[in-house]
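1. Pasted the sequence and its predicted model underneath.
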Amino acid sequence: GGCRRFSALAAAVILSSSGSILLMMSQLDKSFPDLDVDQQPPPVDFKRPDKKQEYPPANPKSKHPIYELLADNLRTNISNWSPLVYSTCDASWMPELFAPCLDIPGENIVKQELVYPDFRIRIPHFVNNQDGQYWLKEAAIRPQFEDNWGMYKGQYGQNIVYPGGTYTGMPTSGWHESSCMNSKVSHQLKRENADGGGGAETVVIASAPDVHSFQHFLDRGTHIILQSEPHFTNDTRVWFSSRLPQSTVKQILEGLSTQLYPHAGGSISASKQVIFSCRAPLIHPYLSLRLLERLHVRPLPIGERKIVLYVGRKNSRNKGRNVRNEDLLFERIRHLLATRMKNETLVYFDHTEWPTLQDMIPYFSNVAAVIGPHGGSFFNHRWAGRDTLVMEFVPKSRFSMMFWEEASILNQNYWAILLDTTGNHDMIAPVNEVVNVLDKHLGEPLDHPSLEHYYPWKIGK
């Protein structure tokens, strides 16, 4: 495991005032659990913070199916992506804003700084050079690009665990700087009293923007929850400040061994602890892969999958981004699949046909390709597992790269189809190009991984 942690360890290399290099490891008390698809987590032992949390083997006859259907095909691309955790302040090298060094009034407060391993993901595939040039120009807002890779460096998180009691002053949800996972979110909760009765044992604050919705719970809410996971107790509940979440969000909460904290005005009560993990990375392999592990995502090997899933805008809550030549596109895809004679089928995905996420995820085990315009339903591509061919119709008038990031982290074969738009961001799909990509890549594994650890020095092997 030591060699695989090089990028996170590099984050702990600090230049002293004299210019010498100091590698500060004495404050490293434990790491997050290694991702392991064959094992399940025991309760966290807070009395032994220096002991690495081991996952015992899952019992295949267990009554907990969440651990019975873990993803066999994830095994090849799960390295040790878990963050390093520091919980003791050393002012000789730590920045004063590291969690252990924060001056927070009160006693028995656990303050942890998490250093996430650096990583890089390959840029998308494109059907022409013009799309590639346009995409790289627009995508430069987030990662740094080099040699056809996007680099994600220097990512940190914080877990601040307050003792039981009744608290106010929690961050509120919304698209503003002071909500969870935004730059100015405050950890300064006010403890009104030490009585945490009537609430839960543990409460996790997760008031991120639009966290009640499926898509923003996936890209924000789950990251907060999974970062705080080592501190879970038997009764852990999640607090949103926004309106009640969609039913799919509640189902994911159940899969993560949590439930929603009931709204009770502007305060929350916990008999054991309140967890502030609102400073968590938006993009990181550990958080993405850990979610699949917990939700028992188990796709078939790519060569055995038979479904080409078209994710359109039918029954969408938001209008626009329709593909105006869908009928022609479907006709050509069906013709291609017939000529391939591999029993492959084109299916139009309609999320309203699935009563629960637990019913939907096993269906995605047979999905070989996900195609369609940018939209909330496209988030379901992640249930299809690695090597899935993912073709997103990206409207130039509403450019986004979130599905490239997630698909690449999961080692899916992502293609960005950049399209001009008409009114309401509607598009015309390039039928010939889509069919050609399908014919060449459908059912085929990636010829090289799209996710790797990142290290800045160019050292030959």
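-> Received the coordinates, thanks.

2. Now do the end-to-end distance for stretch 204-212.
-> End-to-end distance for stretch 204-212, by CA to CA, to the nearest Å: 15 Å.

3. And the contacts of it?
-> Contacts with stretch 204-212, where a contact means CB atoms under 8 Å, 6 or more residues apart in numbering, come from 170-176, 179-182, 216-217, 220-221, 224-225, 228, 236-246, 249, 258, 268, 274-278. Bear in mind the C-beta positions are built from the backbone N, C-alpha and C, glycine included.

4. Of those residues, select the buried ones using a PyMOL command.
-> In PyMOL, a selection of the buried entries from these looks like this (16 or more other CB atoms under 10 Å):
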select buried, resi 170+171+173+174+179+180+181+182+216+217+220+221+224+225+228+236+237+238+239+240+241+242+245+249+258+268+274+275+276+277+278
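
5. would you list every one of the helices in the stretch 301-450 of the chain?
-> In the stretch 301-450 of the chain, the helices defined using DSSP state H, counting those that start in this stretch lie at 326-340, 357-364, 402-409, 431-441.

6. Just the pLDDT at Gly423, thanks.
-> Note on Gly423: pLDDT of 79.

7. With Trp93 instead?
-> Trp93 is assigned 94 on the pLDDT scale.

8. Could I get the phi/psi values of it?
-> Main-chain torsions, Trp93, degrees, to the nearest 10: phi -140, psi -20.

9. how much space between it and Tyr86?
-> 11 Å (CB to CB, to the nearest Å).

10. got it, and Phe217?
-> Counting by CB to CB, the gap from Phe217 to Tyr86 is 28 Å.

11. mind showing which ranges of the stretch 201-350 of the chain have poor pLDDT?
-> Across the stretch 201-350 of the chain, the ranges flagged by pLDDT under 70 are 242, 264-265, 315-320.

12. So which residues of it form strands?
-> Using DSSP state E, counting those that start in this stretch, the strands of the stretch 201-350 of the chain run over residues 236-239, 259-260, 268-279, 307-311, 345-349.

13. Those into JSON lines, with extra columns for distance to Thr421?
-> Listed next are the strands of the stretch 201-350 of the chain as JSON lines, based on distance: least, CB to CB, whole Å:
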{"stretch": "strand 236-239", "distance to Thr421": "37"}
{"stretch": "strand 259-260", "distance to Thr421": "38"}
{"stretch": "strand 268-279", "distance to Thr421": "35"}
{"stretch": "strand 307-311", "distance to Thr421": "18"}
{"stretch": "strand 345-349", "distance to Thr421": "22"}
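
14. With respect to Gly150, which of these lies nearest?
-> Closest to Gly150 of those, according to CB to CB: strand 268-279, at 22.2 Å.

15. In PDB, could you pull the C-alpha coordinates for that closest one?
-> Output of strand 268-279 as PDB, limited to C-alpha atoms (Å, rounded to 0.1, in the frame of the first residue of the first chain):
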ATOM      1  CA  ILE A 268     -30.400  19.500  15.300                       C
ATOM      2  CA  SER A 269     -30.000  17.100  18.200                       C
ATOM      3  CA  ALA A 270     -27.700  14.100  18.600                       C
ATOM      4  CA  SER A 271     -27.000  12.000  21.600                       C
ATOM      5  CA  LYS A 272     -23.400  11.100  20.600                       C
ATOM      6  CA  GLN A 273     -22.100  13.500  17.900                       C
ATOM      7  CA  VAL A 274     -22.700  15.900  15.100                       C
ATOM      8  CA  ILE A 275     -20.400  15.600  12.100                       C
ATOM      9  CA  PHE A 276     -19.400  18.500   9.900                       C
ATOM     10  CA  SER A 277     -17.800  17.200   6.700                       C
ATOM     11  CA  CYS A 278     -18.900  20.000   4.400                       C
ATOM     12  CA  ARG A 279     -15.400  20.500   3.100                       C
END
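
16. what's it packed up against?
-> Strand 268-279 sits against strand 155-168, strand 200-205, helix 222-228, with contacts defined as 3 or more CB pairs under 8 Å, 6 or more residues apart in numbering; DSSP states H and E.

17. Could you dump these into TSV and include distance to Ile104?
-> Below are those laid out as TSV (distance: least, CB to CB, whole Å):
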stretch	distance to Ile104
strand 155-168	7
strand 200-205	15
helix 222-228	17
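
18. Quick check: which of these is nearest to Gln130?
-> Among these, the nearest to Gln130 by CB to CB is strand 155-168 (32.2 Å).

19. Which positions within that closest one qualify as buried?
-> Buried positions in strand 155-168, judged by neighbour count with 16+ other CB under 10 Å: 155-167.

20. Could you identify the most distant pair in those residues?
-> Largest separation among the buried residues of strand 155-168 by CB to CB: Gln155 and Thr166, giving 33.0 Å.

21. Redo the helices of the stretch 301-450 of the chain as a markdown table? Include mean neighbour count and distance to Arg298.
-> Formatted as a markdown table, the helices of the stretch 301-450 of the chain follow (neighbours: other CB atoms under 10 Å; distance: least, CB to CB, whole Å):
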| stretch | mean neighbour count | distance to Arg298 |
| --- | --- | --- |
| helix 326-340 | 15 | 24 |
| helix 357-364 | 18 | 8 |
| helix 402-409 | 23 | 18 |
| helix 431-441 | 16 | 22 |
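
22. To Pro299, which of those lies closest?
-> The minimum distance between Pro299 and the helices of the stretch 301-450 of the chain falls on helix 357-364, with 6.8 Å, by CB to CB.
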